[in-house]
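J.: next input, structure requested:
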Amino acid sequence: MHLEEWDLGGLSLSEALSETASGDLFSEEHHPPEKTLRVLVLEDDETDFLITKKALLYLDSYSVDLDWETSVSDAVSAAKKKSYDVVLVDFWVGMETGVAAINAFGDINSNSVVILLTGMPGEDVQKIALKAGARHCINKSQLTPVLLEATIRSARHTHRLEQQLQQTIANLKKANEAKDSFYATMGHDLRTPLNAILGYSEMILGNSLNLQVPEEYQKFAAKIHTGGLHLLEVINNLMLQNGNALETVEQQLEDVYLDEVITRAHELVQFFASDKGMELAIHLPDERLCVRCHRSLMTQALVNLLSNAIKYTPAHGRIDVTLLATPDVFIMEVKDNGPGMHPEEIELARKPYGRVQSPAELAQEGTGLGLPIVEKIMEGHDGALVIDSAPGKGTCVSLRLPRTRE
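T.: Below is the predicted model:
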């Protein structure tokens, strides 16, 4: 509906505008308001302002507390003295554009909702206004009370949603920072006493002090050491899964000989293999292979593979660790003669906290984070985790690193 089509009670357009200016055209009984709406109109043309005012006074759901300014500077000054719910801005205000006012009022943290009023054709003006922070745009030639009220409702709803989204993002950021801080503190507080437990249990097992330690005590020390190593693996995986170490791989790369990674990983899991009477064999090429990687993360990845192989391979089984090289990649391969997995079990094992069902005699405790952590580590190195397994044929898992990285 255009202004000319409104029911003006027998008045001409000029008479209606005059009555609107004096505030006598519409009484409270014509549109009982639900809420007072504080509105600022930035418009340098009086006729356009009166048309806008008439539309505002004819709103069904709001009683309007209206202010009018004819320059950007005056509008900004008014906003410093009074809080507005809605700011209606003309695109051209004198020799200035309304973009400056939109920038002043349209901040996401502001309580004011900015709506552009323009008589200029084309979409460019609307795009500029929306980019500057306006929530909606209305063409002056199409202005009606119904359109204005619907636009105000939509703009205010959109603005509230955007504010809620920003607050949610801020809350999530704080929660994430708190989580990272918690895991960093927890990791330090858990590893410190655990290092003492592992160290003293190793001293007892190795009889470093040349004491007459009863064999039964050594068995207990072995169980303490095994439990401590398992706990250390769980802690390391939790730190990697929930911390930011995997996000900063690029910042901590160094040239690493892969035979050193294999040797260190072998040292960390050898006790578990020996405890199950398993043979853990290493096969290295004659040439030493060097790759740019994160040393501790790559060691952790190989430890996770070896731990899984030891857990799910029957006692007295065999695990082979082989280092290979092709023209494009270096490969660290862990192969066991365990029960193997079906394709759907492989997919489950790749998921965080996913654990493959195993025979009762092979049931093991664990977080189900081993392979997912390895996959993340390899992605951070532009590498890949490849699993080849079949029921009754064992499992072969390989870490593949590109020989050169950009």
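J.: Gln212: neighbour count?
T.: 5 (other C-beta atoms under 10 Å). Where you see a C-beta, it was placed from the backbone N, CA and C, and this is true even at glycine.
J.: for Asp48, that is, sorry about that
T.: Neighbour count for Asp48, taken as other C-beta under 10 Å: 16.
J.: got it, and Glu267?
T.: For Glu267, the neighbour count with other C-beta under 10 Å is 11.
J.: surely it is within a helix?
T.: Yes - assessed with DSSP: H, G, I helix; E, B strand; the rest coil, Glu267 lies in a helix.
J.: how far away is it from Ile169?
T.: Remark: distance between Glu267 and Ile169 (C-beta to C-beta, to the nearest Å) = 45 Å.
J.: check Lys82 too.
T.: 30 Å.
J.: gap between Gln300 and Ala315?
T.: 25 Å.
J.: to clarify, my last question referred to Ile169.
T.: The spacing between Ile169 and Ala315, counted by C-beta to C-beta, is 52 Å.
J.: with Lys173 instead?
T.: 49 Å.
J.: can you check Ser154 too?
T.: Distance, Ser154 to Ala315, by C-beta to C-beta: 69 Å.
J.: with neighbour numbers in mind, choose between those two.
T.: Each of Ser154 and Ala315 has its neighbours counted (other C-beta under 10 Å); Ser154 has more, 14 against 10.
J.: thought that one was touching Ile138?
T.: No - counting by C-beta atoms under 8 Å, Ile138 is not a contact partner of Ser154; they are 11.0 Å apart.
J.: can you map out the helices along the stretch 51-200 of the chain?
T.: With DSSP state H, counting those that start in this stretch as the criterion, the stretch 51-200 of the chain has helices at 72-81, 99-105, 124-132, 145-206.
J.: between the ones you listed, which gets nearest to Ser307?
T.: Of all the helices of the stretch 51-200 of the chain, it is helix 145-206 that lies closest to Ser307, at 15.5 Å by C-beta to C-beta.
J.: burial of Ser63, as a residue count?
T.: Ser63 sits with 15 neighbouring residues when counted by other C-beta under 10 Å.
J.: isn't it right up against Leu37?
T.: Yes - counting by C-beta under 8 Å, Leu37 is a contact partner of Ser63 at 7.0 Å.
J.: poorly predicted segments of the protein, please.
T.: 1-34, 108-109, 121-122, 241-250, 353-368, 405-406 (pLDDT under 70).
J.: domain map for it?
T.: Using automatic domain parsing, the domains assigned to the chain come out as 3-143, 250-402.
J.: please state the offset of the shortest one from the chain centre?
T.: Taking C-alpha atoms, centre = their mean, to the nearest Å, the mean C-alpha location of domain 3-143 is offset from the chain mean by 39 Å.
J.: same check, this time on the longest one
T.: Domain 250-402 sits 29 Å away from the centroid of its parent chain (C-alpha atoms, centre = their mean).
J.: what helix or strand is Phe220 on?
T.: Here Phe220, judged by DSSP states H and E, is contained in helix 215-242.
J.: that helix - contacts with which helices or strands?
T.: Counting contacts by 3 or more C-beta pairs under 8 Å, 6 or more residues apart in numbering; DSSP states H and E, helix 215-242 packs against helix 145-206, helix 258-275, helix 295-312, helix 370-380.
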